[in-house]
Structures are given as structure tokens and as C-alpha cells.
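Peer 1: sequence and predicted structure below; questions after.
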Amino acid sequence: MRAAWLTIEGLGLTEGNTRIIDDVSLPLAAQHTVVLGPNGAGKSTLLRLIHGLLHPTSGSLGWPQPLSQAMVFQRPIMLRTTALANVMYGLKLRGCAATECEMRARQALARVGLEALATRPARLLSGGEQQRVALARAWALEPELLILDEPTASLDPASSREVERIIKDIAAAGARILMTTHNLGQARRIADEIVFIDRGRIVEQTPVGQFFTQPQTDAAQRFLQEESP
Amino acid sequence: MPELNETLATAWQLVAGADARLADIVLLSLRVSLTATLIACVVGMPIGALLAVGRFPGRRPLIVLFNGLMGLPPVVVGLLVYLLLSRAGPLGQFGLLFTPAAMVIAQAVLVTPIVAALTRQVIADEWTEYREQLRSLGASRTRAAATLLWDGRFSLSTSALAGFGRAIAEVGAVMIVGGNIDGVTRVMTTTIALETSKGDLPLALALGFILITVVLVINAVAYAVRGWAERHWG
């Protein structure tokens, strides 16, 4: 078994009286992990805790080696400027020089197939195109860990396929992938390992082939039956 | 009402004939209020943005303070600036009292809280939307504030405009610190107040027309700019 790149120990997040994440302990070792679970299970919250956008009320994250991260959200957030400048913004924050910055941003846009739209105002692009700009912005940073929170949830099927193709390309370039999705087919195509959570707790962590054929728990079994078309 | 008709006719002649005295007053008004608004934006917008995204002790009381200061009575601002600038005051040595510079200072003091409070509202809304993305990319709060000020530039034009509207329309502050000296510190509002009390209604009315027109034109331009920006940048 591979060594874990992240060991989560007793992680908890409580808001008021609600335990959104409840005592989660988990080694993450797989290269591509997909977190599945019903609505409100705490999937997005878990990702945000790992990315550092939220602070846990208990427990800890153990990184054997710190990994550079980038995150792509369900709804792409675009600044009121061009697609290219949106991609460059992330690079500039990491202190890269203007000319190098632009070159890397253009390369990233080319990799997501949006070279031709580089100088277009980002907010006027279609939802699918905006999500691809967001992927380019994340990819340009060359993260060791890419976190994606339902990246295709608000997209039409064609855009979804394109976004999935890009995620696979980023994975093929060597980034670890940690994502949530409601699309079981997508989970099956991307994941090496499935983490199934419900009501803030880890229910099971299973290699992808096994999860879809022989889930370890009744909860996962029911989930698969309900979610399958 | 022959009298009113006559007044209107004379007022119109003043406007149409670009009366020199009238032009001086209008230009001084615009110069003073635009300068004051510019200063208020340079000071107030960063304050508003930091109040929206910052996390520091005293932030909430400051927000309440700036919101409250939006309603500052102009005469009180005039009085305070008068005390500061008068011969015996802490800034008396500069001899600014009864000059256009004093009027700019008074209006800037009046308008800065308005610009800051309105900016805070705009940026706070943007921050809700952008917060996670900007933090994910590694933007510090100061950097995020700067980014959002630029990103919200078109919405913020409305904040600046509200400030300008307040500045150009107020009488109390400029009257006190400017002194309404003919040819030196006489602006539209102070002239209207004075001429009305003297009974010279045509001049007052002509200035009233112009004041309203200026406010309407500037609003129309801002509206057009925002519409264009929305179509162009989303």
C-alpha cells in the first residue's frame, strides 16, 4: 500500500449544535479520490477543511509533505476582466514576473482549448467556458493537489464531458485529484478510490471497482441504488 | 402671474447668454465639489474596502460610525472646519479660511464617510461572492480589498456619484468656511440662498436650473457607463 499524502485525524467541524464534520479519520493515499455521499453529507465542507478555507473545531490534518494546492468550485468565480487576466491573477499572486506569467497563462488556456477566447471578458463566456477558465487558472499554478467541488454540477452534458477531459489531463500531468461529484459515471471514470460519507461521518473508503460492484456498507448500497438511473 | 413669467424669462436669458458672473459661480461650484469628491474617493474607497474584507479590532464600531457619519449635518462640518482653519485654530497658520481650499476641505470631510460607507456595502457584497476563490488563490486581505475595488469599479461609480451629489447640493458647510465672498467663494448653493433672501429671484432661479441640470446629466452619464460596463464586462 502506498504511503498517505494526507492523514486526517479526528477532524470535526461544529456550527452551533450541528456537527457538519464528525470525527473524521482517514488516510488519503490514492492518486485520484472521489468523495461521494448524499446532499448535505458534508462533502464540500470536508474539501474546504482540507484546502484550508475552513478551520476545524477539532482534530488535525497531517501532511507528510506540504503539497501546493488549487481548488475549483462548483460555480466559477470570474473577475471583471479578460479570461487571460483571470488566469494570470492567480500566477501574479504567487509572484511570477509579468511576461512569464502571461506565457504560462496562455499555455494553460490553450490546454483547456480556450486560446481563441483569451481576450474576451470572462464573465460573458458561457458557464462551461467559465469553468474551463477556472480550470486553466488552477492548472497554471501547477498544483500537486487539485481539489474540485462538484465542478460539473451546473453544466450541460457537453460541457461536463469537456471539463472531465481536462480533469483527466491535469491528473495525467501528475496532480493528485480530490473531488466531489453527483455524477456516478464520472466518479467511476476518474477515481482510484471512493470515500463515502454520510451525515459528516466516513462510512467507507473503498477502491473504485469494488465500491460500484460490492459496496461494504448498506448505506453505500442504498445510495448507489437511489442515485443510479 | 406676470411676475413669475418675468422672473423665468430673465433667468433663461442669464443661462442662455452664458452670463459671465453666472459662469464663474457654476465653474467654482464644479471645481470645489469635484475636487472634494476626488479626495473623498481616494480616502474613502480604501477605507470602505478594508472595512468590508478586513478583520481587526474595532471594525464593527467603525462600520457603525461611518454609516452614522453619512448623515452629518453640513453646518456642523462647516463649524468644525471653521474652528480648525480659523486664525486661532490648529491649522490657522495656513490662512485657508474663506478660500476655495477651505470649501474643498469641508466638503471632503462631509463626503468621505458617504463614499466609505457605500463602498463598504458594494465590496462586502462582492466579498461574499469572491471570498473563497480569492483566498484559495492565496490573496491576502489587503490584496483582496484592492482586487475588489478594481473589480467593483463600475458599481463604485455610483458611490462616488452619491458623494458628488451631496457635495454640490450642500449649502451649510461652504457658507461657513467660504464666507460667500463675491467672485471668490461664491458657489451655486450659497448664491441661491443669498439672492433669494435679497429678492433677486432670476439669478437664484437660473442657478437652480443649472444645479438640477448638472445633477441630472451626471446621473445620466453614470447610468450609461454602468449599462455599457455590464454589457461589456458582465
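Peer 2: Cool, got the structure.
Peer 1: when you work out contacts or count neighbours from here on, use the C-alpha atoms and nothing else.
Peer 2: Will do.
Peer 1: close to chain A: what parts of chain B are there?
Peer 2: When proximity is defined as Cα under 8 Å from any Cα of the partner chain, chain B approaches chain A at B:129-130, B:132-133, B:135-139, B:151, B:232-234.
Peer 1: okay, and which of these map to helices?
Peer 2: If you go by DSSP state H, the residues of chain B next to chain A have B:129, B:130, B:132, B:133, B:135, B:136, B:151, B:232, B:233 in helices.
Peer 1: can you tell me the closest non-neighbouring residue to residue 211?
Peer 2: Reading this off chain A. residue A:194 (6.9 Å; Cα to Cα, 6 or more residues apart in numbering or on different chains).
Peer 1: the intended chain is chain B.
Peer 2: residue B:188 (7.2 Å).
Peer 1: can I assume that neighbour is in contact with residue B:212?
Peer 2: No. Residue B:188 lies out of contact with residue B:212 (Cα atoms under 8 Å); the separation is 10.7 Å.
Peer 1: who has more neighbours, those two?
Peer 2: residue B:188 (28 against 11; other Cα atoms under 10 Å in any protein chain shown).
Peer 1: mind checking how far that one is from residue A:150?
Peer 2: Distance of residue B:188 to residue A:150, computed by Cα to Cα, to the nearest Å: 59 Å.
Peer 1: circling back: for the residue nearest to residue B:211, give me its contacts.
Peer 2: Residue B:188 makes contact with B:25, B:26, B:29, B:207, B:208, B:211, according to Cα atoms under 8 Å, 6 or more residues apart in numbering or on different chains.
Peer 1: residues touching the lengthiest helix in chain A, excluding its own?
Peer 2: The longest helix of chain A (DSSP H) is helix A:157-172. For helix A:157-172, the external contacting residues (Cα under 8 Å, 6+ apart) are A:32, A:111-112, A:128-129, A:131-132, A:135, A:139, A:151-152, A:177, A:186, A:190.
Peer 1: could you find the closest non-adjacent residue to residue A:104?
Peer 2: residue A:140 (6.3 Å).
Peer 1: contacts only, for that neighbour.
Peer 2: Contacts of residue A:140 (Cα under 8 Å, 6+ apart): A:87, A:91, A:104, A:105, A:107, A:108.
Peer 1: most neighbours among those residues, which one is it?
Peer 2: residue A:87 (30 neighbours).
Peer 1: save the ones in helices among the residues of chain B next to chain A as CSV, and put in neighbour count too.
Peer 2: Output for those, formatted as CSV (neighbours: other Cα atoms under 10 Å in any protein chain shown):
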residue, neighbour count
B:129, 12
B:130, 19
B:132, 17
B:133, 21
B:135, 14
B:136, 19
B:151, 18
B:232, 14
B:233, 17
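Peer 1: which residues does the residue nearest to residue A:211 bridge with?
Peer 2: Beta-bridge pairing for residue A:194 (DSSP bridges): residue A:34, residue A:206.
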